[in-house]
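Visitor: Just the structure for this:
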Amino acid sequence: MKLVRKDIEKDNAGQVTLVPEEPEDMWHTYNLVQVGDSLRASTIRKVQTESSTGSVGSNRVRTTLTLCVEAIDFDSQACQLRVKGTNIQENEYVKMGAYHTIELEPNRQFTLAKKQWDSVVLERIEQACDPAWSADVAAVVMQEGLAHICLVTPSMTLTRAKVEVNIPRKRKGNCSQHDRALERFYEQVVQAIQRHIHFDVVKCVLVASPGFVREQFCDYMFQQAVKTDNKVLLENRSKFLQVHASSGHKYSLKEALCDPTVASRLSDTKAAGEVKALDDFYKMLQHEPDRAFYGLKQVEKANEAMAIDTLLISDELFRHQDVATRSRYTFSQHPVKKAAKMALWLLQGFFMYLVTLGDLWLARHVFKLNNKKK
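Guide: Residues are numbered from 1 along each chain as shown. Okay, the predicted model is just below:
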């Protein structure tokens, strides 16, 4: 994400101009835009024209509109963001108050104005514009005939490619069809890896699968790399790490990330922090349940006692349309972040694993709540 201009007043009202540069930036933009904001961007509008002879036609013209946001639709798979609202500035093609939908696109500038910029949103902008916050973990989750090539970022897990090939079953005395289909599948996965994984940024590539699929695939990939003198794969061979997963579906990536054998390898990557925090919560919930709590009231009680060691909050709470509710979660962070030895985790990519227990989790306490602080 590129920050072009930032004008925030002392009362926290103002606007920022941004340019999304990567697919992940569209996710950040989705979390920045809220109902009631004003959004200014270039868009396409279908307008009717009348010729001198009286005939009526229609043309698609590019114009710049400023909308009061009423609805936001984000397609996480395609990383497409559509913002619907009413026009609030004079325009030669669109009347005041007319509805329009702007589709925000990568590498196209937009300006977002808010009456109140809270600390969470401003921090997200800083993170999105920091080049260090890029995907440094890649993953290939696979089974025979199915593979997902993913990039794991601090904000989300991006599926960059899905490979599907029909693999015939082995027949007694004739495995040629199965072997040819499997080789074709492996080759397509290798091509997807080379197309979507940037090894100058990625520090680790997880290859996760059930059974021996990962071993067979890696053997094939590096044998072919030797034959074709593929220097990119050969020079980055040490970055590939094989790990177990129950299937080739995307949700199995969580198993691979939580595998203890992976933890040390991922220790210097940004994804490791969220994985470790989530794993620590599970362990404490199982072995010391009186030190692991979830739910807003319990968290606020622990916060008052200054007993929080690690706090986990789903970013959906900061998108709440009720301003008072959103502010309650936003400002509840400050005492936690200021206290010594406290860590705040905004769980974005792992949100799907949080909804079963509630919106806001308290992962770890320094001590039991019924004890006095020593």
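Visitor: how far does stretch 281-300 sit from the chain's center?
Guide: 25 Å (C-alpha atoms, centre = their mean, to the nearest Å).
Visitor: Can I get it in CSV? Just the C-alpha atoms.
Guide: The C-alpha coordinates for stretch 281-300 follow below in CSV (Å, rounded to 0.1, in the frame of the first residue of the first chain):
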residue,chain,number,x,y,z
PHE,A,281,-4.3,-20.1,24.2
TYR,A,282,-5.4,-23.7,23.4
LYS,A,283,-2.7,-25.2,25.8
MET,A,284,-3.7,-22.9,28.6
LEU,A,285,-7.4,-23.5,28.1
GLN,A,286,-6.7,-27.2,28.4
HIS,A,287,-4.2,-27.3,31.3
GLU,A,288,-4.9,-24.0,33.2
PRO,A,289,-8.5,-23.1,32.3
ASP,A,290,-8.7,-20.6,35.2
ARG,A,291,-6.1,-18.5,33.4
ALA,A,292,-7.7,-18.5,29.9
PHE,A,293,-10.9,-16.6,29.3
TYR,A,294,-13.0,-15.2,26.4
GLY,A,295,-15.9,-12.8,26.2
LEU,A,296,-16.0,-9.0,26.6
LYS,A,297,-17.0,-8.9,30.3
GLN,A,298,-14.3,-11.3,31.3
VAL,A,299,-11.7,-9.4,29.4
GLU,A,300,-12.7,-6.1,30.8
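Visitor: May I see the buried residues of that stretch?
Guide: With burial defined by 16 or more other C-beta atoms under 10 Å, the residues of stretch 281-300 counted as buried are 281, 284-285, 291-294, 296, 298-299. In this view, the C-beta of every residue, glycine as well, is placed from N, C-alpha and C.
Visitor: One more: stretch 257-264?
Guide: For stretch 257-264, a neighbour-count test (16+ other C-beta under 10 Å) marks 257-259, 262 as buried.
Visitor: picking up where we left off before, just send the buried residues of stretch 281-300 back as JSON lines, with secondary structure and distance to residue 103 too.
Guide: Putting the buried residues of stretch 281-300 into JSON lines (DSSP: H, G, I helix; E, B strand; the rest coil; distance: C-beta to C-beta, whole Å) gives the following:
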{"residue": "281", "secondary structure": "helix", "distance to residue 103": "38"}
{"residue": "284", "secondary structure": "helix", "distance to residue 103": "44"}
{"residue": "285", "secondary structure": "helix", "distance to residue 103": "42"}
{"residue": "291", "secondary structure": "helix", "distance to residue 103": "47"}
{"residue": "292", "secondary structure": "coil", "distance to residue 103": "43"}
{"residue": "293", "secondary structure": "strand", "distance to residue 103": "42"}
{"residue": "294", "secondary structure": "strand", "distance to residue 103": "37"}
{"residue": "296", "secondary structure": "helix", "distance to residue 103": "35"}
{"residue": "298", "secondary structure": "helix", "distance to residue 103": "41"}
{"residue": "299", "secondary structure": "helix", "distance to residue 103": "38"}
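Visitor: Can you show me the strands along the stretch 201-350 of the chain?
Guide: With strands called from DSSP state E, counting those that start in this stretch, the stretch 201-350 of the chain shows them at 204-209, 240-244, 293-294, 308-314, 343-347.
Visitor: Worst mean pLDDT among those strands?
Guide: Lowest mean pLDDT of those: strand 343-347, a mean of 40.
Visitor: just to revisit the earlier point, among the buried residues of stretch 281-300, which two are most distant?
Guide: Distance extremes for the buried residues of stretch 281-300: the farthest pair is 284 and 296 at 19.1 Å, using C-beta to C-beta.
Visitor: Let me know the next secondary structure element after the lengthiest strand in the chain.
Guide: When the chain is parsed with DSSP state E, its longest strand is strand 56-75. Downstream of strand 56-75, the next assigned helix or strand under DSSP states H and E is strand 80-87.
Visitor: What pairs with that following strand, parallel or antiparallel?
Guide: Note on strand 80-87: by DSSP bridges, its sheet partners are strand 56-75 (antiparallel), strand 99-104 (antiparallel).
Visitor: now the shortest one, how far from the chain's geometric center?
Guide: What that stands for is strand 99-104. 23 Å.
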